[in-house]
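S.K.: Coordinates only, no sequence provided:
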């Protein structure tokens with residue numbers, strides 16, 4: 001089992017910035033990839049950003065150039081730096097990890113989510 005705990009959400013004005021954190025209960029060495037997803041009210045969960053174990057990143061077109069995903073291996077923490085926030089970014093943001101566990105294989109894990117609200 002892997003626990004993921006997000007933090008850093010809140011209320012911010014248009015054009016502002018926030019940094020989300022996702023603390024994992026295990027070291028990243030067994031993680032194939034980690035990422036951020038978001039879900040706005042009445043909408044499906046959508047991909048935001050991905051960080052592979054090798055360090056390559058992928059972003060949704062809607063956040064390219066504004067959001068940045070990174071990690072601190074020593075702290076077992078994943079980050080999402082969000083700049084130039086817009087009302088359309090308002091959503092609950094979820095951390096995701098694809099992890100190998102001996103005896104259990106590869107599994108997806110999700111955090112509980114953190115709310116980001118951007119006011120106009």
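M.R.: Nice, I can see it. Predicted model, so just to flag it, every value in this text is computed and none were measured.
S.K.: For the most centrally placed residue in the chain, which residues count as its bridge partners?
M.R.: With distances taken as Cα atoms, centre = their mean, the residue of the chain nearest its centroid is residue 36 (2.7 Å). Here residue 36 sits in beta bridges with residue 49, residue 95, going by DSSP bridges.
S.K.: if I read this right, it contacts residue 97, doesn't it?
M.R.: No. Contact criterion Cβ atoms under 8 Å: residue 36 and residue 97 do not qualify, at 10.7 Å. Using the backbone N, CA and C atoms, a C-beta is placed for each residue, glycine as well.
S.K.: now the closest residue to residue 89 other than its chain neighbours, what's its secondary structure?
M.R.: Among residues not flanking residue 89 along the chain, residue 118 sits closest, at 5.3 Å (Cβ to Cβ, 6 or more residues apart in numbering). Following DSSP: H, G, I helix; E, B strand; the rest coil, we place residue 118 in the strand state.
S.K.: what's the neighbour count on residue 118?
M.R.: 20 (other Cβ atoms under 10 Å).
S.K.: and what of residue 53?
M.R.: Residue 53, neighbours per other Cβ under 10 Å, totals 14.
S.K.: What segments of this protein are strands?
M.R.: 4-7, 10-13, 18-24, 31-39, 46-52, 57-59, 67-72, 77-82, 91-101, 105-110, 114-119 (DSSP state E).
S.K.: Quick check: which of these is buried the most?
M.R.: strand 77-82 (a mean of 22; mean count of other Cβ atoms under 10 Å).
S.K.: Quick one: residues contacting residue 24.
M.R.: Residues in contact with residue 24 (Cβ atoms under 8 Å, 6 or more residues apart in numbering) are 2, 3, 4, 31, 34, 76, 77, 78, 97.
S.K.: Isn't the last one up against residue 109?
M.R.: Read that as residue 97. Yes. Using Cβ under 8 Å, residue 97 is in contact with residue 109, at 4.9 Å.
S.K.: Quick check: neighbours shared by these two?
M.R.: 2, 4.
S.K.: ok so, going back, with pLDDT as new columns, can the contacts of residue 24 be given to me in TSV?
M.R.: Converted to TSV, these look like this (pLDDT from 0 to 100):
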residue	pLDDT
2	92
3	96
4	97
31	89
34	96
76	94
77	96
78	97
97	96
